[in-house]
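**Student:** sequence-free structure coming up:
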Ligand SMILES: CC(C)(COP(=O)(O)OP(=O)(O)OC[C@H]1O[C@@H](n2cnc3c(N)ncnc32)[C@H](O)[C@@H]1OP(=O)(O)O)[C@@H](O)C(=O)NCCC(=O)NCCS
């Protein structure tokens, strides 16, 4: 599975990606917003994860998109489809971007491609996502993509690396909501990319 976008290649994880994983994930600003990413994040953690990914691939259908920045040939983040239920037509997404590469529209660009894949190729009906109440960057990202806030789950999650208990905001994106949001999201992203290019 490989998807090319303007600046990115979305592809399966490879064992050789461990250095980029450590570079991106050995950062509490990332792991404090996730359930299970350990901190500190070491070569051992990365290799264990990558080995699990290749085993899972053989066992059952699961999707993990590593986000490679083509001009640097570097993995700068990932989008996972978790809890993928073919019969139900739903999946849950989770994502991260290396802090040095944030606020450049990379997750927006990657999510456009993943949403198209999910709704057109996998023909799912709905994508779901849970975000800690404190995580404004992720809330902004989801709302920008057309996700609707569906509710708050109180004291729902414990963040493994910080042991903190969080309220979760539940978001949902229906296929028809994505089709409606898509042109606006693309226009907004193109404007952002142009601005970044002019700044160079
Ligand atoms: C959430 C995350 C993936 C966003 O990645 P990104 O590549 O910086 O996102 P983009 O540049 O595509 O920006 C998406 C929107 O979020 C906004 N945003 C990004 N960082 C932000 C921040 N720290 N605070 C507020 N808004 C922010 C952007 O301004 C943009 O909105 P806009 O288009 O209206 O300007 C990234 O911050 C991250 O990896 N966070 C840590 C891990 C995490 O929270 N994962 C999600 C768990 S639910």
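**Tutor:** Yes, it's here. No experiment lies behind these values; they were computed from the predicted model shown. Numbers count the residues shown, from 1 in each chain.
**Student:** Tell me the buried residues in the helix or strand bottoming out on mean pLDDT in the chain?
**Tutor:** Least confident helix or strand of the chain, by mean pLDDT, DSSP states H and E, is helix 43-59 with a mean of 86. For helix 43-59, the neighbour count (16 or more other CB atoms under 10 Å) marks 45, 46, 49, 50, 53 as buried. C-beta: built from backbone N, CA, C; applies to glycine.
**Student:** Distance to the ligand added to the residues you listed, as TSV?
**Tutor:** Shown next, in TSV, are the buried residues of helix 43-59 (distance: CB to the nearest ligand atom, whole Å):
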residue	distance to the ligand
45	16
46	16
49	16
50	19
53	18
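**Student:** So what are the sheet partners of the next helix or strand after the least confident helix or strand of the chain and their directions?
**Tutor:** Reading on from helix 43-59 to the C-terminus, the next helix or strand found by DSSP states H and E is strand 63-69. Its sheet considered, strand 63-69 pairs with strand 8-11 (antiparallel), strand 74-85 (antiparallel) by DSSP bridges.
**Student:** Other residues contacting strand 63-69?
**Tutor:** Strand 63-69 has contacts (CB atoms under 8 Å, 6 or more residues apart in numbering) with 1, 3, 7-14, 17, 53, 74-81, 84, 91, 97, 101, 106-107, 110, 114.
**Student:** so how many other residues sit close to residue 64?
**Tutor:** The tally of other residues near residue 64 (other CB atoms under 10 Å) stands at 20.
**Student:** Tell me the spacing between residue 150 and residue 39.
**Tutor:** From residue 150 across to residue 39, the span is 29 Å (CB to CB, to the nearest Å).
**Student:** Also residue 11?
**Tutor:** Per CB to CB, residue 11 is found 26 Å from residue 39.
**Student:** so what's the residue sitting nearest the centre point of the chain closest to, chain neighbours aside?
**Tutor:** Most central in the chain under CA atoms, centre = their mean is residue 95, positioned 2.1 Å from the mean C-alpha point. Of all residues not flanking residue 95 in the chain, residue 79 sits nearest, at 4.4 Å (CB to CB, 6 or more residues apart in numbering).
**Student:** now do residue 154
**Tutor:** Spatial nearest neighbour of residue 154, chain neighbours left out: residue 167 (5.3 Å); criterion: CB to CB, 6+ apart.
**Student:** hang on, the earlier thing: next, format the strands paired with strand 63-69 as JSON lines and append mean pLDDT.
**Tutor:** Output for the strands paired with strand 63-69, formatted as JSON lines (pLDDT from 0 to 100):
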{"stretch": "strand 8-11", "mean pLDDT": "98"}
{"stretch": "strand 74-85", "mean pLDDT": "95"}
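**Student:** Pipe those into JSON lines and attach mean neighbour count and distance to the ligand per row.
**Tutor:** Output for the strands paired with strand 63-69, formatted as JSON lines (neighbours: other CB atoms under 10 Å; distance: least, CB to the nearest ligand atom, whole Å):
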{"stretch": "strand 8-11", "mean neighbour count": "20", "distance to the ligand": "11"}
{"stretch": "strand 74-85", "mean neighbour count": "19", "distance to the ligand": "6"}
